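mind looking at a prediction? Sequence and model below.
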Amino acid sequence: MSRIYRLLFILLMAAISGCVLKYDEPVTPDQTAAPTPAFTVPEPSTVYVEIRGSEFRPLEMNVVEGTTVKWRNFDSAQHAIMVDNVSSPPFGNREVWSFKFNKTGSYMYNCSIYPWMKNGIIVVK
């Protein structure tokens, strides 16, 4: 009976020894992995940008022509969006302002009340 226990012990140790992390091997990141793309909208629709903590979320997005972007304010402070030489009126908590992107290009937008708040939208065909 002790032979069986010895054999099981040896087999168990052999199995466990193959599952141990070797600390002397360097860990390198996978250089072939592509970076995560920005938020992408594949067809014209309505998408939302949230304003929270004086930041726009998502940070960047790609949309197609004809997409309407709606900015929804979740801050207690008022914000006013400036995009493509169009400015929204100031809007408060839980209020929304929208803009339809009809031409391809890269658009920067910001809050005209808090000019450090900036972001971008890329419009493709």
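That came through, no problem. Quick caveat, the model's predicted, so the values are computed rather than measured.

for stretch 43-62, measure first residue to last.
End-to-end distance for stretch 43-62: 10 Å, by CA to CA, to the nearest Å.

ignore what I typed, I meant stretch 113-125.
End-to-end distance for stretch 113-125: 32 Å, by CA to CA.

may I see the buried residues of it?
With burial defined by 16 or more other CB atoms under 10 Å, the residues of stretch 113-125 counted as buried are 117, 119, 120, 121, 123. All C-beta spots, glycine's among them, are computed from the backbone N, C-alpha and C.

kindly report the same for stretch 75-86.
75, 79, 80, 81, 82, 83.

again with stretch 55-70
Buried residues in stretch 55-70, counted by 16+ other CB under 10 Å: 56, 61, 62, 63, 64, 67, 69.

surely the fifth one meets residue 121?
No. Under the criterion of CB atoms under 8 Å, residue 64 is not in contact with residue 121, lying 11.2 Å apart.

beta partners for residue 81?
On the basis of DSSP bridges, residue 81 is bridged to residue 111.

what do you get for residue 56?
Beta-bridge partners recorded for residue 56 (DSSP bridges): residue 51.

looking at it, it is touching residue 114, isn't it?
No. Using CB under 8 Å as the test, residue 56 is too far from residue 114 to be in contact (10.8 Å).

overlap in contacts, those two.
By CB atoms under 8 Å, 6 or more residues apart in numbering, residue 56 and residue 114 have no common neighbours.

any stretches of the chain with poor pLDDT?
Residues of the chain that meet the criterion pLDDT under 70 lie in 1, 5, 7-41.

closest to the centroid, which residue in it?
The centroid of the chain falls nearest to residue 58 when counting by CA atoms, centre = their mean (5.5 Å).

how much space between it and residue 100?
19 Å (CB to CB, to the nearest Å).
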